[in-house]
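Peer 1: Sequence plus the predicted model coming up.
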Amino acid sequence: MSLVEFRPSDGRRALFVSYLFPPVGGVGVHRVTKFVKHLPQFGWNCSVLTVENPSTPLLDGSLKRDIPASTIICRAKTWEPSYALKAAVGQQAADRPGLLGRARRRAKALARGCGNLLLQPDAQILWRPNALREARRLLKEIPHHAIIATGPPFSSLLIGATLARQTGLPLILDYRDEWGISNAYWENKQHNWVSNAIQRQMQRRALAAASVVVATTPSSTDELTRLIQGCRSRAVARCIYNGFDPDDFAGAESAVRPRVDFGHGVDRCRLAFVGTLWNLNPIGPFVEGVLRFAERDPRAASRLEIVLAGRRTAEQEEAIARLASSPCNVVTQPFMAHSDAVRLMQDADSLLLINADKPETNRIINAKTFEYMAARRPMFVVAPEGDLWDVTRDLPGTLLCSPGDPDSIALGLAELVDRHRRGVRYDHDAWNIARFERRTLAGQLAGLLDQAVLHEVHRAAPPQPARTARDELAEEMGALELAEVGS
């Protein structure tokens, strides 16, 4: 492509490499889906390379409505086992006692260890051969101008890097989560030093192929900048937050939950959590705070209703069971379609955010944070001080608590229930959140795509001869001669 041919406003096409894409459900799908929805408004049509037979636990067909008609979807088969089989091998709940139980646990541990060692960086690497074949066919048939690979799974980043090297197209790596944090804390993904060394090298190769690396928080952007410098990549790191789509919250301002009598003559304060409870979002610290609150003021605690919607690991279910002894009303619901989750957010009096208090988790901002903002409900945050606190602290009604301080959680719950009793409400206009709209964020990505393509065009342009001091002097003399003629 020549410089003359490049125009940032021209219709261009980017290829997303994303294992997670509708009809797969869950929070990891929304980012790429919303980019695909809004990028055409900025001159970028989209293609998506995704999986034909996803080995995932959640499906949500409602997300398909966001995909524009101009989107080309290319699906490639993966050779992974079914999610049910992976879950059975990964299940760490207690098996039957005795010799047979111990044998089963050891067999599972051996299978997990072999899988983690052989399938680098993740089981989705079994998607790679077919994904590369289908992507090459697509790129050969239809001109594309850039590649965007999003992970996790991080094998998608490796596929994007391979395609970029083979085609010469600029590559943007979109880190929805940090590679290192995911490996450190995801259940069933803890690696030995061999796997960690292999994956560090894999990440270096992906970064070396990239033009731009995108993170979802400022602190993660700083960490990726450090990694980029360490592998001498020419990439630049930029932050594009997760966000919310106002279209998903149409009518949010008029959505008011009717006051309900739950059988005790009391309108309870409804605190809702929407999402997955697992190792990085553990309910345990919050449960401890609830129990202390209930012990100090049982009457106030009886006014609290806790709604937990989404997937939960067995360990988290055990922690939730401790609330059975409290006077709080606890409602658990399974994973729900995104549209239903939005209604639950709007139906709550306050929304719960949870992050683990572990090294590096201060860099995490839960993706649901921004949809909580769009629901315009106060947030009850149980997380280590860091980026999540920074984006929520100034929002109306936010209560910030540390996971390691159950007393602060108990005090926060007392304040939450008291506000509800007093009828405290917040004006919808008080939420200054326009910068987190998905369309705005897609515009930021479009700007990075324009810059990446322009940079590649300059790199491909014929080299200009080196300028010497004599050349510069000749130009100056010519300018003086023109000036004399003009006078």
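Peer 2: Done, it's in. Only a predicted model underlies this, so the values are computations on that prediction, with no experimental measurement involved. Numbering: from 1, shown residues only.
Peer 1: Tell me where the longest helix sits in the protein.
Peer 2: helix 438-460 (DSSP state H).
Peer 1: Kindly export that helix (C-alpha atoms) in PDB.
Peer 2: The C-alpha coordinates for helix 438-460 follow below in PDB (Å, rounded to 0.1, in the frame of the first residue of the first chain):
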ATOM      1  CA  ARG A 438     -18.300   1.600  24.400                       C
ATOM      2  CA  ARG A 439     -18.600   3.900  21.300                       C
ATOM      3  CA  THR A 440     -16.100   6.300  22.800                       C
ATOM      4  CA  LEU A 441     -13.700   3.400  23.600                       C
ATOM      5  CA  ALA A 442     -14.200   2.000  20.000                       C
ATOM      6  CA  GLY A 443     -13.100   5.400  18.700                       C
ATOM      7  CA  GLN A 444      -9.900   5.100  20.800                       C
ATOM      8  CA  LEU A 445      -9.200   1.700  19.200                       C
ATOM      9  CA  ALA A 446     -10.000   3.100  15.700                       C
ATOM     10  CA  GLY A 447      -7.400   5.800  16.400                       C
ATOM     11  CA  LEU A 448      -4.800   3.200  17.300                       C
ATOM     12  CA  LEU A 449      -5.700   1.200  14.200                       C
ATOM     13  CA  ASP A 450      -5.200   4.300  12.000                       C
ATOM     14  CA  GLN A 451      -1.900   5.100  13.600                       C
ATOM     15  CA  ALA A 452      -0.700   1.500  13.200                       C
ATOM     16  CA  VAL A 453      -1.600   1.300   9.500                       C
ATOM     17  CA  LEU A 454       0.000   4.700   8.800                       C
ATOM     18  CA  HIS A 455       3.100   3.600  10.600                       C
ATOM     19  CA  GLU A 456       3.300   0.400   8.500                       C
ATOM     20  CA  VAL A 457       2.800   2.500   5.300                       C
ATOM     21  CA  HIS A 458       5.700   4.700   6.300                       C
ATOM     22  CA  ARG A 459       7.800   1.600   7.000                       C
ATOM     23  CA  ALA A 460       6.900   0.200   3.600                       C
END
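Peer 1: So Arg296 sits against Leu413, correct?
Peer 2: No. Arg296 lies out of contact with Leu413 (C-beta atoms under 8 Å); the separation is 9.9 Å. Placement of C-beta: from N, CA and C, glycine included.
Peer 1: what about the two, which has more around it?
Peer 2: Set Arg296 next to Leu413 and count neighbours by other C-beta atoms under 10 Å: Leu413 wins out with 29 against 14.
Peer 1: Spell out the residue ranges of the helices in the stretch 351-487 of the chain.
Peer 2: With DSSP state H, counting those that start in this stretch as the criterion, the stretch 351-487 of the chain has helices at 368-375, 387-392, 406-422, 438-460, 469-486.
Peer 1: Packing partners of the second one?
Peer 2: With contacts taken as 3 or more C-beta pairs under 8 Å, 6 or more residues apart in numbering; DSSP states H and E, helix 387-392 sits against helix 218-230, helix 368-375, strand 379-382.
Peer 1: mind listing what the closest residue to Leu449 other than its chain neighbours touches?
Peer 2: Spatial nearest neighbour of Leu449, excluding adjacent residues (C-beta to C-beta, 6 or more residues apart in numbering): Ala146 at 5.2 Å. Taking C-beta atoms under 8 Å, 6 or more residues apart in numbering, we find Ala146 in contact with Arg12, Ala14, Leu15, Leu169, Pro170, Leu171, Ile172, Leu449, Ala452, Val453.
Peer 1: Among those, name the ones in strands.
Peer 2: Arg12, Ala14, Leu15, Leu171, Ile172 (DSSP state E).
Peer 1: Same list (these) but as CSV, adding pLDDT, distance to Val36 and neighbour count.
Peer 2: Output for the ones in strands among the contacts of Ala146, formatted as CSV (pLDDT from 0 to 100; distance: C-beta to C-beta, whole Å; neighbours: other C-beta atoms under 10 Å):
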residue, pLDDT, distance to Val36, neighbour count
Arg12, 94, 14, 22
Ala14, 98, 9, 25
Leu15, 98, 11, 27
Leu171, 98, 18, 28
Ile172, 98, 14, 24
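Peer 1: from those residues, which two are the most distant?
Peer 2: The largest separation in the ones in strands among the contacts of Ala146, counting by C-beta to C-beta, is between Arg12 and Leu171 at 14.9 Å.
Peer 1: what's the neighbour count on Asp297?
Peer 2: Taking other C-beta under 10 Å as the criterion, the count of residues near Asp297 is 17.
Peer 1: hang on, the earlier thing: just so I know, which of the helices and strands packed on helix 387-392 lies nearest Ala434?
Peer 2: Here helix 368-375 is closest among those (C-beta to C-beta), at 10.3 Å.
Peer 1: any idea of the angle the closest one forms with helix 438-460?
Peer 2: With axes from the mean of the first three to the mean of the last three C-alpha atoms, to 10 degrees as the basis, helix 368-375 and helix 438-460 are set at 130 degrees to each other.
Peer 1: what's the pLDDT at the residue nearest to Trp431 when sequence neighbours are not counted?
Peer 2: What sits nearest to Trp431 in space, not counting adjacent residues and going by C-beta to C-beta, 6+ apart, is Arg376, at 5.2 Å. Note for Arg376: predicted pLDDT of 95.
Peer 1: Ramachandran angles for Arg376?
Peer 2: phi 50, psi 50 (degrees, to the nearest 10).
Peer 1: quick one: it and Arg425 touch, right?
Peer 2: No. Counting by C-beta under 8 Å, Arg425 is not a contact partner of Arg376; they are 10.5 Å apart.
Peer 1: out of these two, which sits in the more crowded spot?
Peer 2: For Arg376 versus Arg425, neighbours defined as other C-beta under 10 Å are more numerous around Arg376 (23 against 13).
Peer 1: got TSV for the ones in strands among the contacts of Ala146, with distance to Thr71 too?
Peer 2: What follows is the ones in strands among the contacts of Ala146, written out as TSV (distance: C-beta to C-beta, whole Å):
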residue	distance to Thr71
Arg12	14
Ala14	11
Leu15	11
Leu171	20
Ile172	18
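Peer 1: can you tell me the helix or strand for Glu305?
Peer 2: strand 304-309 (DSSP states H and E).
Peer 1: Same question for Asn53.
Peer 2: Short version, using DSSP H and E: Asn53 is in no helix or strand.
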